[in-house]
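A.B. asks: got a predicted structure here, sequence first:
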Amino acid sequence: IKRPRKGILRQKQRNISQLKFFDMDRPKLNRATSKDPTPTPGYLLDEIAKITHSNFDACKSVEKFLIERIQTSNPYSKYKSLLLIKHLCLKGRRDFQLSMQKNSELIRECRSFQGTQDPLRGDEANRKVREMAQETIEALYRENSSNSSL
């Protein structure tokens, strides 16, 4: 009978604990990128930045989540996702910024976003998405000394 090597078992245990870690923080990501017009609290942006610093797999999971969110048609969710990407490029793990640069085309597409107009707010939400997309692109390629992989 072949017994698995200890290194393989440790790797599997580490992967399971990282999945649990990300699942535990998914509500934070959902709240930060919600579909309502209420602004995302600043402390929540910082907590998610800490998640990216915790380990590489959590960073990749956050990246994957945000890539899915910027492809939604809801302007509030799209805006908040772009805001979070911008914040993570400036304050999160450096690997996040480098990975997001590979997906910059999705963010560039948001610069010409034309969603449905809100009956009360008009085109305001769509305009904010376009402006935030531009700011996010700038942050994506900005060199930043405070952004490091701990």
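C.D. replies: All right, it came through fine.
A.B. asks: helix or strand for the residue positioned nearest the centre of the chain, which one?
C.D. replies: Nearest residue to the geometric centre of the chain (Cα atoms, centre = their mean): Leu66, 4.0 Å. Using DSSP states H and E, Leu66 sits in helix 56-69.
A.B. asks: would you indicate which residues of that helix are buried?
C.D. replies: 58-63, 65-67, 69 (16 or more other Cβ atoms under 10 Å). (Glycine included, C-beta is placed from N, CA and C.)
A.B. asks: turn those into a markdown table, including pLDDT.
C.D. replies: Compiled in a markdown table, those are given as follows (pLDDT from 0 to 100):
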| residue | pLDDT |
| --- | --- |
| Ala58 | 90 |
| Cys59 | 91 |
| Lys60 | 92 |
| Ser61 | 92 |
| Val62 | 94 |
| Glu63 | 94 |
| Phe65 | 95 |
| Leu66 | 96 |
| Ile67 | 96 |
| Arg69 | 95 |
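A.B. asks: same list, these, but as a markdown table with distance to Lys28 please.
C.D. replies: Below are the buried residues of helix 56-69 laid out as a markdown table (distance: Cβ to Cβ, whole Å):
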| residue | distance to Lys28 |
| --- | --- |
| Ala58 | 12 |
| Cys59 | 14 |
| Lys60 | 16 |
| Ser61 | 12 |
| Val62 | 10 |
| Glu63 | 15 |
| Phe65 | 10 |
| Leu66 | 12 |
| Ile67 | 17 |
| Arg69 | 13 |
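A.B. asks: pLDDT below threshold where in the protein?
C.D. replies: Low-confidence segments of the chain (pLDDT under 70): 1-24, 144-150.
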